[in-house]
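[1] take a look and give me a structure for this.
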Amino acid sequence: IKWGQWTSTRPDMFSAGLCKALSRLHDGAKAHSLAITESQIAKELECSIDDAFDSFEYKPVASGSIAQVYRAKLNGEDVAVKVRHPGVTSQIQIDFRIMKVVASILDSLPGLGWLNLEESMLQFSHTIASQTNFVTEGSKLHLFNKNFRNSQGIGFPVPIVLTESVLIESFEEGISVAEFTDLYRKKERSYTDPEVNLAIIAQGENMYLKMLLEDNLMHADLHPGNILVQKMKKRGRGRQKNAVRIILVDAGMTAVLSEAEQQNFIGLLEAMGEGGRKGGTEAAHYLLNFTSSPAEYSAEQINQFTKDVSEFFAESCGGYFSGMDMGNVLRGILGFLREHRISIDANYATLVMNALCLDGLAKELIPSYRVLDAAKPLLRAHQLSKRLPLGRTIF
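    Residues are numbered from 1 along each chain as shown. Next up is the predicted model:
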């Protein structure tokens with residue numbers, strides 16, 4: 001299930017149809033029994049549920065492939081209690097061994113090589129192991145909260161108790177972006193405020209750019225179900241009637257960016273801002289740096305890839321403030337990577353998919369909004385800061 005979820009975020013490796021089909025695996029995993037939850041809590045917290053919590057809702061509010069979540073009260077506060085499914089760690093190890101063998105066989109069969117199963121398994125294995133240990137997830141939440149401590153419109157759950165298989169964190173009220181956009185489509189009265197929609201997109205873009213340009217730490221499982229929207233009433237002269245806050249949950253998968261990864265991806269965005277054939281040539285250059293093994297590609301392969309991307313940009317990417325569709329350009333780029341069998345490292349895929357998530361949200365709520373146009377001042381300022389003394393500090 002987890003591999004299927006991850007695969008749905010890799011259109012650079014798999015067809016759009018397969019990714020769309022597998023995206024359904026993000027919801028509705030089977031829940032384990034209450035007896036297992038009681039056993040896990042007793043083992044990790046060294047006390048029973050009744051002794052550990054003021055109250056505990058025994059029906060889980062959500063269940064994923066790694067764990068399920070309950071709502072409870074601890075010291076008078078609402079908390080979320082994340083309990084790992086039994087045997088997950090050993091099951092993952094067994095599944096990997098089996099799937100790597102099957103993937104190798106399937107990749108060798110005529111007509112199935114395009115699936116890239118063995119390569120995807122290798123990349124995925126590096127991202128999944130940390131998800132089974134909630135101490136790791138809790139530490140990432142601490143870091144995200146530290147990075148965004150001055151951002152009033154962006155937040156993360158606050159970890160309270162960390163153990164390997166039980167995580168207790170603040171319970172964050174809100175409606176998922178997936179539900180919000182669905183209600184907006186249905187024209188529900190309380191979800192049709194253009195100012196609220198703009199605030200959601202702006203906060204989402206602020207979050208993405210801060211992770212990319214300042215923190216070098218990305219949430220790597222950014223899909224509409226993991227983003228909550230909180231609408232808060234504010235009173236007082238000069239204040240908005242509806243303040244909006246977005247909360248990112250499920251920080252089990254993260255991407256720590258190197259300076260090279262950061263600069264290559266910003267270079268791609270700038271090339272998209274340049275647009276046209278020249279921008280396409282620059283984009284192809286940065287895309288070829290998205291792999292850790294560029295030497296494996298022949299000069300002919302590189303030249304053809306560069307030509308195809310340049311022609312695509314000339315037709316479909318006019319640059320900043322041209323009305324260019326960023327999502328369409330990114331999907332086109334992913335198609336060329338897949339067609340030319342150019343593999344990119346997992347962190348770059350995370351950056352692309354997060355950008356597509358943000359662009360998709362903008363298209364749903366304010367179709368005229370252009371994510372890349374809004375990012376231009378910060379992208380340009382960041383590039384300039386690299387060339388100035390103390391530029392990074394000033395930025």
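
[2] check the gap between the nearest residue to Asn289 once chain neighbours are set aside and Leu217 for me.
    Closest residue to Asn289 apart from its sequence neighbours, by Cβ to Cβ, 6 or more residues apart in numbering: Asn264 at 4.7 Å. Using the backbone N, CA and C atoms, a C-beta is placed for each residue, glycine as well. Asn264 sits at a distance of 17 Å from Leu217 (criterion: Cβ to Cβ, to the nearest Å).

[3] these two: who's more crowded?
    Neighbours were counted for Asn264 and for Leu217 using other Cβ atoms under 10 Å; Asn264 has more, 22 against 18.

[4] hmm, that one is touching Leu288, no?
    No - with contact defined as Cβ atoms under 8 Å, Asn264 does not reach Leu288; the gap is 9.4 Å.

[5] low-confidence ranges in the stretch 51-200 of the chain?
    Filtered on pLDDT under 70, the stretch 51-200 of the chain yields the residue ranges 111-116, 119-120, 123-130, 189-192.

[6] which stretches of it form helices?
    With helices called from DSSP state H, counting those that start in this stretch, the stretch 51-200 of the chain shows them at 88-108, 117-128, 134-147, 177-185, 194-210.

[7] possible to save those as TSV with distance to Thr163?
    Shown next, in TSV, are these (distance: least, Cβ to Cβ, whole Å):
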stretch	distance to Thr163
helix 88-108	14
helix 117-128	19
helix 134-147	6
helix 177-185	30
helix 194-210	28
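
[8] got these as CSV, with distance to Ala260 and mean neighbour count columns?
    Shown next, in CSV, are the helices of the stretch 51-200 of the chain (distance: least, Cβ to Cβ, whole Å; neighbours: other Cβ atoms under 10 Å):
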stretch, distance to Ala260, mean neighbour count
helix 88-108, 28, 14
helix 117-128, 18, 18
helix 134-147, 21, 19
helix 177-185, 31, 17
helix 194-210, 19, 19
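
[9] ok, Leu334 - how many residues close by?
    23.

[10] thinking it is in contact with Pro11, fair?
    Yes - between Leu334 and Pro11 there is a contact at 4.6 Å, judged by Cβ under 8 Å.

[11] between the helices of the stretch 51-200 of the chain, which one is nearest to Gly17?
    Of all the helices of the stretch 51-200 of the chain, it is helix 117-128 that lies closest to Gly17, at 16.1 Å by Cβ to Cβ.

[12] neighbours of Glu172, how many?
    Using other Cβ under 10 Å, Glu172 has 17 neighbouring residues.
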